[in-house]
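Q: Structure here, sequence nowhere to be found:
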């Protein structure tokens, strides 16, 4: 009962109502499906050379392409949806009123975060008919499909929580949006570059004989597995990511790198949301207030 | 009901509140008067748990605002000087949203909302989108929103600002009804006569200091002890003003074209002497008027520079 009561979040329900009433939402859904659908159908057109025959063996490639494209869309759309969650309320001059009601900071942040993400989830699920094109020809394991959608969800959670945190910390939506995009793209490209540098450095040291050939490169694999692009490629058993810990038997738990990604983004989500909940308090709870008073 | 003790708020080098102390009893309509930047909104934000004071204490219903904000929020209905509304909601949905935020059950909300809309004369706008309402209507809807959880205290920051005369009158009527309902109301404005009509107690604040506090009639009597004199001069205006400033019975001097407005604290005899002194000293006085009853101007004269 308590969980049900917690789920009964007026901020979340209100956001749902208002978002679906705005004229922008249908256009967003239309544009999203048009871009993804257009590219998918164009890809099929190219594969078939404009003819009528489609090789079912190409399904895997089509599924990969569609999944990566969708990931790109998520990375592009989620910062825009979440980075104005709190600063938008502030600019609309409704935040101070909300903060004087019974709505706790936790309910407010979670409501805003979930409402933005539920719209993105809605967009992703609206693309299922596109995936039906892939399923029509078969060749994709259901586990992979579930993994890909789980991957989307955790990526949305992570990026969305960064957007909400920055929207809480930065007063202007414009600045908050720019910073969120910078962090998300910086992280995506940064992890890629960092992993490449480390890998090349280890290779160089090995060539020079400074490192034994058995030196582990688990750090490289860990960093690769935290990169959204390489992480999704790994789901299709592609890309440079290896199964961490398996080759070198180091202290890293030998689990599928997919789970490293899930754990890392899960942690980012929790930390960012907790910070946002703390930061939104108009009179922030002082951790040592009681201790100071006793003195 | 409300107790403020030595409240101070500092923004960098600027001190917005300089040790404000006051007490408001339950059921009182308290008018918080002062020029812009005097510290009214800062005090109200602190009472509404939105701002932390630099030092001092503020209590609402016995709860200290920084230590027990949750309890304080249940007791207050706060309307800021500027507030936004959600464009895609109707007036009824707007109130329902805030009702839900106060954890009022749906069945109860369905009963309360029509009553609130009736109280603020917006029943006919029940299904109208909030953004289509006029400023006065939005202000009234905001007032209804403050009342959705039936709070004991209403904190209304300049609710009449930007309203046309008709909307002001409507708002005043609603506030009278709320006073009759026994609510403790803190209402701020820089228009003294407007507040004086509906308040029991008035506090005049200037540059973070409370310069006058008491029942409306007491404050009026006190203020009417000070007259506003207007003197029209042909020339030598600066010189005359300097001369007047040196008189012990003069509270303030301002220039308005060829006219000088003077806050005068003396009696009738001293007024005669002042007139004679100006004439004997050779200042070119063309007219000498006594302004009566314009409380707003007297208020401005009295508060001028008090806090500095």
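A: Right, received. Where do you want to start? Everything numeric in this text was worked out from a predicted model, so none of it was measured.
Q: Poorly predicted segments of chain B, please.
A: Counting by pLDDT under 70, chain B contains low-confidence residues at B:221-225, B:292-308.
Q: buried residues in the longest helix along it?
A: Longest helix of chain B, by residue count under DSSP state H: helix B:165-180. Of all the residues in helix B:165-180, those buried under the rule 16 or more other CB atoms under 10 Å in any protein chain shown are B:167-168, B:170-171, B:174-175, B:178-179. The C-beta positions use only the backbone N, C-alpha and C, and glycine is treated the same way.
Q: and if you look at stretch B:7-20?
A: Going by 16+ other CB under 10 Å, stretch B:7-20 has these buried residues: B:7, B:9, B:16-18, B:20.
Q: just curious, which of those is nearest to residue B:270?
A: residue B:18 (32.6 Å; CB to CB).
Q: mind checking which helix or strand the closest one is in?
A: strand B:14-24 (DSSP states H and E).
Q: That strand - contacts with which helices or strands?
A: Judged by 3 or more CB pairs under 8 Å, 6 or more residues apart in numbering or on different chains; DSSP states H and E, the packing partners of strand B:14-24 are strand B:2-11, helix B:40-47, strand B:55-60, strand B:201-206, strand B:209-215.
Q: ok, now with 7 Å
A: Packing partners of strand B:14-24 (3 or more CB pairs under 7 Å, 6 or more residues apart in numbering or on different chains; DSSP states H and E): strand B:2-11, helix B:40-47, strand B:209-215.
Q: With distance to residue A:80 added, can I get these in CSV?
A: Formatted as CSV, the helices and strands packed on strand B:14-24 follow (distance: least, CB to CB, whole Å):
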stretch, distance to residue A:80
strand B:2-11, 33
helix B:40-47, 32
strand B:209-215, 47
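Q: what's the neighbour count on residue B:234?
A: Close neighbours of residue B:234, defined as other CB atoms under 10 Å in any protein chain shown, add up to 10.
Q: From chain A, how far off is it?
A: Noted for residue B:234: a distance of 51 Å to chain A, by CB to the nearest CB, to the nearest Å.
Q: Which residue is the nearest non-sequential neighbour of that residue?
A: Computed as CB to CB, 6 or more residues apart in numbering or on different chains, the closest residue to residue B:234 that is not its neighbour in sequence is residue B:284, at 3.9 Å.
Q: quick one: that neighbour and residue B:233 touch, right?
A: Yes. Residue B:284 lies in contact with residue B:233 (CB atoms under 7 Å); the separation is 5.6 Å.
Q: residues from the stretch 1-150 of chain A in reach of chain B?
A: Neighbours of chain B within the stretch 1-150 of chain A, by CB under 7 Å from any CB of the partner chain: A:10, A:14, A:18, A:21-22, A:92-94, A:96-103.
Q: Now the buried members of those residues.
A: For the residues of the stretch 1-150 of chain A next to chain B, buried by 16+ other CB under 10 Å: A:10, A:14, A:18, A:94, A:96-103.
Q: Restricted to strands, list the residues you listed.
A: Residues of these located in strands (DSSP state E): none.
Q: any idea which helix or strand carries residue B:219?
A: Using DSSP H and E, the element containing residue B:219 is helix B:216-224.
Q: before we move on, the earlier item: quick check: what element follows the longest helix of chain B along the chain?
A: strand B:184-189.
Q: How about the next helix or strand after that next one, which residues are buried there?
A: Counting by DSSP H and E, the element after strand B:184-189 in chain order, helix or strand, is helix B:192-198. For helix B:192-198, the neighbour count (16+ other CB under 10 Å) marks B:192, B:194-196, B:198 as buried.
Q: Columns distance to chain A on top of those residues, output as TSV?
A: Below are these laid out as TSV (distance: CB to the nearest CB, whole Å):
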residue	distance to chain A
B:192	26
B:194	24
B:195	23
B:196	28
B:198	23
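Q: List just the nearest of those to residue A:226.
A: residue B:195 (61.0 Å).
Q: Next, the contact list for the closest residue to the closest one other than its chain neighbours, please.
A: In this structure, residue B:195 finds its nearest non-sequential neighbour in residue B:31, 3.6 Å apart by CB to CB, 6+ apart. Taking CB atoms under 7 Å, 6 or more residues apart in numbering or on different chains, we find residue B:31 in contact with B:187, B:189, B:195-196, B:199, B:202.
Q: tell me which element residue B:31 is part of?
A: strand B:29-33.
Q: chain center to that strand: distance?
A: 6 Å (CA atoms, centre = their mean, to the nearest Å).
Q: Name the strands paired with it and say parallel or antiparallel.
A: Here strand B:29-33 has these sheet partners by DSSP bridges: strand B:184-189 (parallel), strand B:201-206 (parallel).
Q: Pick the most buried one from these.
A: strand B:184-189 (a mean of 25; mean count of other CB atoms under 10 Å in any protein chain shown).
Q: if we look at that strand, which residues are touching it?
A: Contacting residues not belonging to strand B:184-189 are listed as B:1-2, B:24, B:26-33, B:40, B:44, B:152-160, B:175, B:178-179, B:195, B:199 [CB under 7 Å, 6+ apart].
Q: Buried members of these into PyMOL, please.
A: Filtering the contacts of strand B:184-189 down to the buried ones (16+ other CB under 10 Å) takes a single PyMOL command:
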select buried, chain B and resi 1+2+24+28+29+30+31+32+33+40+44+152+153+154+155+156+157+158+159+160+175+178+179+195+199
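Q: residues in chain B within reach of chain A, list them.
A: B:48-52, B:66, B:69, B:73-74, B:76, B:78, B:80, B:82-84, B:86, B:88-89, B:97-98, B:100-103.
Q: From these, which land in strands?
A: Using DSSP E, the subset of those located in strands is B:76, B:78.
Q: in the one helix or strand residue A:41 maps to, what counts as buried?
A: Assigned by DSSP H and E, residue A:41 belongs to helix A:24-47. The neighbour-count check on helix A:24-47 (16+ other CB under 10 Å) flags A:28, A:32, A:36, A:40, A:43 as buried.
Q: What of stretch A:181-200?
A: A:181, A:183-184, A:187-188, A:191-192, A:194-195, A:198-199.
Q: Which members of those define the maximum pairwise distance?
A: Largest separation among the buried residues of stretch A:181-200 by CB to CB: A:181 and A:199, giving 27.3 Å.
Q: Tell me who's in contact with the residue lying closest to residue A:163 once chain neighbours are set aside.
A: Setting aside the residues directly before and after it, residue A:163 is nearest to residue A:82 in space (CB to CB, 6+ apart), at 2.9 Å. Contacts for residue A:82 (CB under 7 Å, 6+ apart) come out as A:113, A:116, A:160, A:163-164, A:167.
Q: Now intersect those with the helices, please.
A: Going by DSSP H, the helices hold A:113, A:116, A:160, A:163-164, A:167 from these.
Q: got those as CSV, with pLDDT and neighbour count columns?
A: Shown next, in CSV, are those (pLDDT from 0 to 100; neighbours: other CB atoms under 10 Å in any protein chain shown):
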residue, pLDDT, neighbour count
A:113, 93, 26
A:116, 89, 25
A:160, 95, 27
A:163, 95, 32
A:164, 95, 33
A:167, 95, 32
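Q: Let me have the residues you listed in CSV, extended by distance to residue A:210.
A: Putting these into CSV (distance: CB to CB, whole Å) gives the following:
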residue, distance to residue A:210
A:113, 47
A:116, 49
A:160, 43
A:163, 43
A:164, 45
A:167, 47
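Q: Give me the nearest residue to the residue of the stretch 101-250 of chain B found nearest chain A, chain neighbours excluded.
A: Closest residue of the stretch 101-250 of chain B to chain A, CB to the nearest CB: residue B:101 (4.1 Å). Excluding the flanking residues, the one nearest residue B:101 by CB to CB, 6+ apart is residue A:101, at 4.1 Å.
Q: now the helices: where do they sit in chain A?
A: Along chain A, counting by DSSP H, helices occupy A:2-7, A:10-21, A:24-47, A:59-82, A:87-91, A:95-99, A:105-126, A:128-137, A:142-169, A:173-207, A:218-226, A:228-235, A:257-280, A:289-294.
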